[in-house]
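Undergrad: After the sequence you'll find the predicted model.
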Amino acid sequence: MALMITDECINCDVCEPECPNEAIFLGPEIYQIDAAKCTECVGHFDEPQCVQVCPVACIPINPEHIESRETLWERYRRLTAQAANPPSAS
Ligand code: SF4
Ligand code: SF4
């Protein structure tokens, strides 16, 4: 399941550097999560790192992106393969 950031976000900047997939970015008003990159930290950590550090607990599961653990593992493998072989370098 990808996670999402709600409008309770206070833009504290704490979560963005913690994401191993660089899925968190600052949107027009608050931080957002790119569902195509979020693996719920599967492959990297046992718990979602952004949820661990968020001081206002505003990062729930994204109901539009309910995904199986297998799907998250596939995403993790694809993202790490891309990181090892960026398209621009090939
Ligand atoms: S759950 Fe993990 S991968 Fe998803 S946005 Fe949070 S830190 Fe990034
Ligand atoms: S840690 Fe929580 S409050 Fe801080 S920027 Fe991230 S989502 Fe927003």
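TA: Received, thanks. Numbers count the residues shown, from 1 in each chain. Ligands and ions are numbered 1, 2, ... in the order given.

Undergrad: does any bit of the lengthiest helix in the chain sit next to ligand 1?
TA: Criterion DSSP state H: the longest helix present in the chain is helix 69-84. No - judged by Cβ under 6 Å from any ligand atom, helix 69-84 and ligand 1 are separated, with a smallest distance of 8.9 Å. (C-beta placed from N, C-alpha, C; glycine too.)

Undergrad: Which positions within that helix qualify as buried?
TA: By neighbour count on 16 or more other Cβ atoms under 10 Å, the buried set for helix 69-84 is 72, 75-76, 79.

Undergrad: just stretch 48-55 next, same as before
TA: Buried residues in stretch 48-55 (16+ other Cβ under 10 Å): 48-51, 54.

Undergrad: quick revisit: tell me the one of the buried residues of helix 69-84 nearest residue 43?
TA: Among the buried residues of helix 69-84, residue 76 lies closest to residue 43 (Cβ to Cβ), at 3.2 Å.

Undergrad: Just send the buried residues of helix 69-84 back as CSV, with pLDDT and distance to ligand 2 too.
TA: Listed next are those as CSV, based on pLDDT from 0 to 100; distance: Cβ to the nearest ligand atom, whole Å:
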residue, pLDDT, distance to ligand 2
72, 96, 20
75, 96, 21
76, 97, 21
79, 95, 20
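
Undergrad: Using TSV, please lay out those together with distance to residue 37.
TA: Shown next, in TSV, are the buried residues of helix 69-84 (distance: Cβ to Cβ, whole Å):
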residue	distance to residue 37
72	11
75	8
76	10
79	6
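
Undergrad: how about the residue nearest the centre of the chain, what does it touch?
TA: Nearest to the geometric centre of the chain sits residue 38, at 3.3 Å (Cα atoms, centre = their mean). Neighbour list for residue 38: 2-3, 19, 21, 23, 62, 65 [criterion: Cβ atoms under 8 Å, 6 or more residues apart in numbering].

Undergrad: Tell me which two in those are the farthest apart.
TA: Farthest pair in the contacts of residue 38, by Cβ to Cβ: 19 and 65, 15.5 Å.

Undergrad: The nearest residue to residue 69 once chain neighbours are set aside - how many residues pack around it?
TA: In space, and not counting its chain neighbours, residue 69 is closest to residue 42: 6.4 Å by Cβ to Cβ, 6 or more residues apart in numbering. Counted with other Cβ atoms under 10 Å, the neighbours of residue 42 add up to 20.
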